[in-house]
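Have a look at this fold, sequence not included:
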């Protein structure tokens with residue numbers, strides 16, 4: 001384990017509320033932690049399948065923050081598992097107290113109420129706004145995406161999702177930023193590891209005529225389809241339970257918000273799926289992994305267009321020759 005470099009969320013442990021029994025039990029994990037360690041712990045919790053994370057100031061402890069993470073009880077993390085992780089990263093954050101972990105069962109309706117209070121509309125690009133479906137918001141000249149929070153990774157609250165959305169927006173509207181295909185707007189997009197479907201939805205609303213989202217988790221597929229219907233895009237976006245190796249078409253834009261290790265494993269398939277003059281958007285990366293990822297794609301075939309950073313995470317955009 002590298003406590004300074006937690007891998008990005010790999011979309012495991014997602015839950016589809018439609019498949020859940022009514023009034024199932026949820027668990028709230030509450031940890032008081034130094035603010036500088038919050039990113040590492042939040043990533044650890046998300047990787048283990050948290051359906052939502054909330055940050056609060058620890059009013060009684062200056063410089064500390066309370067992290068609340070929610071898990072369905074069948075997948076509930078034991079407190080000692082989190083304590084072991086805190087012990088492992090203690091050499092980097094000496095003020096951590098591994099025993100300062102609380103676990104509380106809560107009713108499903110209480111969890112949804114708490115999560116709704118946390119999830120607010122967010123403007124993530126010059127034109128993209130992501131909001132929960134219970135908030136009515138239709139600003140002029142903006143692209144509004146409705147996402148049901150807490151069901152899968154990819155609600156726009158994580159930096160890697162925001163970075164991908166901004167890169168997609170530039171791919172469609174910022175021709176000067178990502179020169180390709182003679183300045184033509186892309187028509188087709190592949191979203192590898194679609195999760196909630198947020199990137200596929202954004203691509204369709206930005207103007208893509210053909211969008212394909214893939215994932216290996218059936219719960220993610222079900223969740224993505226639900227969000228696609230909610231946004232009125234049924235028929236515009238095709239969602240498949242498949243690996244990228246099972247996709248044969250080429251696309252003007254390929255976006256993969258996964259992690260560096262998986263990108264390395266699937267790099268040849270990623271390269272093959274991008275059409276000549278197309279764009280490859282890669283995220284789920286730590287900023288320290290950017291150089292490694294750039295080396296995976298030969299300069300003769302792909303040219304670096306942009307590297308964007310936020311909160312220790314990175315997004316790499318490459319153009320295919």
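Sure thing, it's come through. Just so you know, these numbers come straight off a predicted model, no measurement behind them.

any idea how far the closest residue to residue 144 other than its chain neighbours is from residue 265?
Sequence neighbours aside, residue 129 is the residue nearest to residue 144 in space, at 5.0 Å (criterion: CB to CB, 6 or more residues apart in numbering). Yep, even glycine has a C-beta here, placed from its N, CA and C like the rest. Here the distance between residue 129 and residue 265 works out to 34 Å (CB to CB, to the nearest Å).

who has more neighbours, these two?
Between residue 129 and residue 265, counted using other CB atoms under 10 Å, the more crowded position is residue 129 (18 against 12).

can you confirm that one is in a helix?
No. According to DSSP: H, G, I helix; E, B strand; the rest coil, the state of residue 129 is strand, so it is not within a helix.

Quick check: the gap between it and residue 287.
Separation of residue 129 from residue 287 (CB to CB) stands at 26 Å.

Now stretch 195-205: buried residues?
Buried residues in stretch 195-205, defined by neighbour count with 16 or more other CB atoms under 10 Å: 195-205.

After the worst-scoring helix or strand of the chain on mean pLDDT, which helix or strand is next?
Evaluated with mean pLDDT, DSSP states H and E, the helix-and-strand set of the chain has its lowest mean pLDDT in helix 108-118, which scores a mean of 62. Stepping forward along the backbone from helix 108-118, the first helix or strand reached (DSSP states H and E) is strand 122-123.

Can you give the strand pairings for that following strand, parallel or anti for each?
strand 128-131 (antiparallel) (DSSP bridges).

can you pull out the helices in the chain?
Counting by DSSP state H, the chain forms helices over residues 38-47, 79-88, 108-118, 159-173, 198-206, 218-230, 260-273, 290-295, given from the N-terminal end onward.

could you dump those to CSV with distance to residue 236?
Shown next, in CSV, are those (distance: least, CB to CB, whole Å):
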stretch, distance to residue 236
helix 38-47, 29
helix 79-88, 41
helix 108-118, 28
helix 159-173, 15
helix 198-206, 5
helix 218-230, 8
helix 260-273, 20
helix 290-295, 30
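
tell me, which of the ones you listed is the model least confident about?
With a mean of 62, helix 108-118 has the lowest mean pLDDT of those.

before we move on, the earlier item: quick one, which of the helices of the chain is packed in tightest?
Stretch with highest mean neighbour count among the helices of the chain: helix 198-206 (a mean of 27; mean count of other CB atoms under 10 Å).

which other helices and strands contact that helix?
Counting contacts by 3 or more CB pairs under 8 Å, 6 or more residues apart in numbering; DSSP states H and E, helix 198-206 packs against strand 143-146, helix 159-173, strand 188-192, strand 210-215, helix 218-230, strand 237-241, strand 251-257.

what residues does the first one touch?
Contacts of strand 143-146 with the rest of the structure, by CB atoms under 8 Å, 6 or more residues apart in numbering, involve 127-133, 137-138, 156, 198, 201-202, 205-206, 227, 230-231.

How about the contacts made by residue 147?
Under the criterion of CB under 8 Å, 6+ apart, the contact list for residue 147 reads 130-133, 154-156, 196, 198, 201, 227.

how about 10 Å then?
The neighbours of residue 147, taking CB atoms under 10 Å, 6 or more residues apart in numbering as the test, are 119, 130-133, 154-157, 161, 196-198, 201, 223, 226-227, 230-231.

In contact with the residue in the chain sticking out farthest from the centre, which residues?
Residue farthest from the centre of the chain, counting by CA atoms, centre = their mean, is residue 60 at 32.1 Å. When the contact criterion is CB under 10 Å, 6+ apart, the partners of residue 60 are residue 32.

mind checking how far it is from residue 94?
When distances are taken as CB to CB, residue 60 and residue 94 turn out to be 20 Å apart.
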